[in-house]
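Engineer: Whatever this is, show me its structure:
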Amino acid sequence: MYEVKPATSWATDFDHADPAYNANAHEIWDELRETCPVAHTDRYGGAWLPVTHADVSAIARDTDHFSSEGAVLSNKPPMEEWISNAPIGAAPPITSDPPFHADARRLLLPAFSPQVINGWEPEIRRLCNELIDNMGDAPTVDAAVQYAQNIPVYVIARMLGLPVEDSDYFRDTVHLVLEGIGAPFGERQQSFEQLDAYLSMHVRDHIENPKDDLIGFLLNAKIYDQPLSPEHVVGTIILLMVAGIDTTWSAIGSSIWHLAQHPSDLARMVNEPELLPTAIEELLRAYAPVTMARIVSKDATIGGCPVKRGDSLLLPFPAANRDPEVFDRADEVVIDREENRHLAFGLGIHRCLGSNLARLELRVAVEVFIARFPKFDLANADAVTWSLGQVRGPRKLPVRIVQRS
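Structural biologist: Numbering: from 1, shown residues only. This is a model prediction of the structure:
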């Protein structure tokens, strides 16, 4: 079992694997924006953390100097080992660079079109109500463990055609990829090999027993008039599992966490259902869950700081969403905010292709929760725990049910 040494300074020794980072992220970003808008650490082979909207946006759009292959900042192998995988990367298209990226992304777009995704709403709504039914009449529930964390796991498993009963393994996979970042590279690699074996088994089963699901879609897809390689298929499945699970449950959990502490916002959303789409966008802005990472592929400058080939950097879209230079009352949740060009789903060529699904799951999950529980609050603020790493959301969220419908 590895141990993460606490960060000694967020400006010069930050570590997103430190539990204090996500628990205090908004305050940390605010302080850095005022005192050190491009932080640095010697951890992970050297990494940078820009926190202004301008710097984050510039990097997200610059594919010439920043490679997407390093989408997760963790203890990594020597530079020449990862650079040899560009432009495809381990989980295309999120780890892919141009020109391969555009073609790898394009082949997935039909599977995530609004028409296809909207067809999942009745099933998601049924699941949300079932999860609440299963809570019974308990006065206190864990809105993360009993609710938020189950919704995207079920949906992604169903979409991929993987066994829903393997949900615990999917959660372990998310933890491995996104939260086990402080582990030695060799330990993580062994777990990735086990994941590869698990997914390869299901791919073989789909080949022998064709199914109308996302794995079947990938097996029938072509790129450059050729079927996808087995590595491409498995890598994209990993992407869909990781990107589609933790990100969404974190957004759902963070939204409920906010509403549990702001009864006026909760009351307005219950009594003014027409406000829900606008409120969801504001909750996405204020509690955007996803920070991406990049590896510097050519020497560059960010915020006046020179960065060298082989350096890593975090790309905190949530910090950009709270930049007062861009958003009025940036640190407040304004649920009827009219102008809201947030970056919760990223920016540039890697803008989240699953945003239609994420919005649908978040909207339905919040809508059902507040309809069934019109009044609730935090049962114990000190008992709330937060994730580690690049996706921020509550892992434990005890709420007290004040009123049931």
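Engineer: The stretch 251-400 of the chain: helices as residue ranges?
Structural biologist: In the stretch 251-400 of the chain, helices defined by DSSP state H, counting those that start in this stretch lie at 263-271, 276-286, 317-320, 355-372, listed in chain order.
Engineer: ranking those by burial, who's on top?
Structural biologist: helix 317-320 (a mean of 26; mean count of other Cβ atoms under 10 Å). All C-beta atoms are positioned from the backbone trio N, CA, C, and that covers glycine.
Engineer: Show residues contacting that helix.
Structural biologist: Applying Cβ atoms under 8 Å, 6 or more residues apart in numbering, the contact partners of helix 317-320 are 25, 29, 33, 51-53, 56-57, 60, 287-292, 326, 343-344, 346-347, 392.
Engineer: between the helices of the stretch 251-400 of the chain, which one is nearest to residue 331?
Structural biologist: helix 276-286 (8.4 Å; Cβ to Cβ).
Engineer: contacts for that closest one?
Structural biologist: Contacts for helix 276-286 (Cβ under 8 Å, 6+ apart): 251, 254-255, 258, 265, 268-269, 321-322, 327, 332-338, 340, 342, 344-345, 359, 362-363, 366-367.
Engineer: how about 6 Å then?
Structural biologist: Here helix 276-286 makes contact (Cβ atoms under 6 Å, 6 or more residues apart in numbering) with 255, 269, 321, 333-337, 340, 342, 344, 362-363.
Engineer: What angle do helix 355-372 and that helix make with each other?
Structural biologist: 110 degrees (axes from the mean of the first three to the mean of the last three Cα atoms, to 10 degrees).
Engineer: Run the chain-centre distance for helix 276-286.
Structural biologist: In terms of Cα atoms, centre = their mean, to the nearest Å, the centre of helix 276-286 is set 16 Å apart from its chain centre.
Engineer: quick one: average confidence on that helix?
Structural biologist: Mean pLDDT, helix 276-286: 97.
Engineer: Next, the angle from that helix to helix 263-271.
Structural biologist: Going by the same axes, to 10 degrees, helix 276-286 makes 140 degrees with helix 263-271.
Engineer: Tell me which of the helices of the stretch 251-400 of the chain sits nearest to residue 155.
Structural biologist: Across the helices of the stretch 251-400 of the chain, closest to residue 155 is helix 355-372 (Cβ to Cβ), at 6.4 Å.
Engineer: could you say what helices and strands the closest one packs with?
Structural biologist: helix 114-118, helix 121-134, helix 151-160, helix 230-261 (3 or more Cβ pairs under 6 Å, 6 or more residues apart in numbering; DSSP states H and E).
Engineer: which residues touch stretch 99-108?
Structural biologist: 87-88, 92-93, 96, 221, 223, 353.
Engineer: now stretch 212-225
Structural biologist: 103, 107, 111, 159-161, 206, 210, 228, 233, 236.
Engineer: redo that, cut-off 8 Å
Structural biologist: Everything outside stretch 212-225 that qualifies as a contact, by Cβ under 8 Å, 6+ apart, is 103-104, 107, 111, 158-162, 202-203, 206-207, 210, 227-228, 232-233, 236-237, 240.
Engineer: thinking again about what came up before, where strands are concerned, which of the contacts of stretch 99-108 count?
Structural biologist: Residues of the contacts of stretch 99-108 located in strands (DSSP state E): residue 223.
Engineer: Check the contacts of stretch 99-108 against residue 167 and report the nearest one.
Structural biologist: residue 353 (23.4 Å).
Engineer: Read off the pLDDT value for that closest one.
Structural biologist: The model reports residue 353 with a pLDDT of 93.
Engineer: Tell me how far it lies from residue 240.
Structural biologist: Residue 353 is 10 Å from residue 240, where distance means Cβ to Cβ, to the nearest Å.
Engineer: what about the two, which has more around it?
Structural biologist: Counted by other Cβ atoms under 10 Å, residue 353 and residue 240 do not tie: residue 240 has more neighbours, with 24 against 20.
Engineer: isn't the more buried one right up against residue 155?
Structural biologist: No - counting by Cβ atoms under 8 Å, residue 240 does not reach residue 155; the two are 10.7 Å apart.
Engineer: and residue 261, how many neighbours does it have?
Structural biologist: Count around residue 261 with other Cβ under 10 Å applied: 13.
Engineer: for stretch 319-328, how far is the first residue from the last?
Structural biologist: 14 Å (Cα to Cα, to the nearest Å).
Engineer: residues near residue 137, how many?
Structural biologist: The burial count for residue 137: 6, using other Cβ under 10 Å.
Engineer: Give me the secondary structure label for it.
Structural biologist: coil (DSSP: H, G, I helix; E, B strand; the rest coil).
Engineer: Tell me who's in contact with it.
Structural biologist: Per Cβ under 8 Å, 6+ apart, neighbours of residue 137: none.
Engineer: mind running it again at 10 Å?
Structural biologist: 401, 404 (Cβ atoms under 10 Å, 6 or more residues apart in numbering).
Engineer: can you check the one 5 residues further on too?
Structural biologist: Contact partners of residue 142, counting by Cβ under 10 Å, 6+ apart, are 135, 148-149, 253, 379, 383-384, 394-399.
Engineer: So what sits opposite it in the bridge?
Structural biologist: Residue 142 has these beta-bridge partners by DSSP bridges: residue 398.
Engineer: Closest one of the contacts of residue 142 to residue 180?
Structural biologist: residue 395 (14.1 Å).
Engineer: Buried among the contacts of stretch 212-225? Make that a ChimeraX selection.
Structural biologist: To isolate the buried subset of the contacts of stretch 212-225 in ChimeraX, counting by 16 or more other Cβ atoms under 10 Å, use the following:
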select :104,107,111,158,159,160,161,162,202,203,206,228,232,233,236,237,240
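Engineer: shaky segments in the stretch 51-200 of the chain?
Structural biologist: 77-86 (pLDDT under 70).
Engineer: ranges for the helices of it?
Structural biologist: 53-61, 79-83, 100-106, 114-118, 121-134, 151-160, 167-174, 185-208.
Engineer: Dump those helices into a markdown table; add distance to residue 40 as well.
Structural biologist: Formatted as a markdown table, the helices of the stretch 51-200 of the chain follow (distance: least, Cβ to Cβ, whole Å):
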| stretch | distance to residue 40 |
| --- | --- |
| helix 53-61 | 13 |
| helix 79-83 | 18 |
| helix 100-106 | 28 |
| helix 114-118 | 40 |
| helix 121-134 | 42 |
| helix 151-160 | 34 |
| helix 167-174 | 28 |
| helix 185-208 | 21 |
